[in-house]
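Student: Return a 3D structure for these sequence lines:
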Amino acid sequence: MICRIFASLFAVVYLGALGVMIIGVYGLFGVQPGPLSAVYLLMLGAPWTGLMMPLLESLGDTATIALLAVAPLINLAAIYAICRLWRRLKSVVKSKLKS
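Tutor: Next up is the predicted model:
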């Protein structure tokens, strides 16, 4: 239960950060484009953004934006996998205790 809530909360925060980045990069809704618009995605995508930093410096703007948007998805997939593993282990332990 807690794991699902955490994964859902992470997904909502990720979508919000993605929206902030898109609005800030492209200057939508009258907002002036700013260099710090992707800082939330950088934090949500840690440690993958740190590992990709040498690659990001050599790529163009579009590829950098795409990689910054994908990095938090790796963390979301890891959270989802850990939640599934936790549920599976919990059910195995319950079945062992019953028998």
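Student: Just to check, Ile74 is in contact with Trp48?
Tutor: Yes - with contact defined as Cβ atoms under 8 Å, Ile74 counts as touching Trp48 (5.2 Å). Where you see a C-beta, it was placed from the backbone N, CA and C, and this is true even at glycine.
Student: These two: who's more crowded?
Tutor: Using other Cβ atoms under 10 Å, the more surrounded residue of Ile74 and Trp48 is Trp48, with 19 against 13.
Student: mind listing what that one touches?
Tutor: Counting by Cβ atoms under 8 Å, 6 or more residues apart in numbering, Trp48 touches Ala71, Ile74, Asn75.
Student: nearest to Ala17, of those residues?
Tutor: Ala71 (10.8 Å; Cβ to Cβ).
Student: which non-adjacent residue is nearest that closest one?
Tutor: Spatially, and ignoring its direct neighbours in sequence, Ala71 is nearest to Gly45 (2.8 Å; Cβ to Cβ, 6 or more residues apart in numbering).
Student: which residues touch that neighbour?
Tutor: Applying Cβ under 8 Å, 6+ apart to Gly45 gives the contacts Leu68, Val70, Ala71, Pro72, Ile74, Asn75.
Student: pLDDT score assigned to it?
Tutor: As predicted, Gly45 sits at a pLDDT of 92.
Student: and the helix or strand of the chain with the lowest mean pLDDT, which residues are buried?
Tutor: Ranked by mean pLDDT, DSSP states H and E, the weakest helix or strand in the chain is helix 48-58, scoring a mean of 85. By neighbour count on 16 or more other Cβ atoms under 10 Å, the buried set for helix 48-58 is Trp48, Thr49, Met52.
Student: Pretty sure the last one sits against Val70.
Tutor: What that stands for is Met52. No - counting by Cβ under 8 Å, Met52 stays clear of Val70, with 9.2 Å between them.
Student: Lovely, talk soon.
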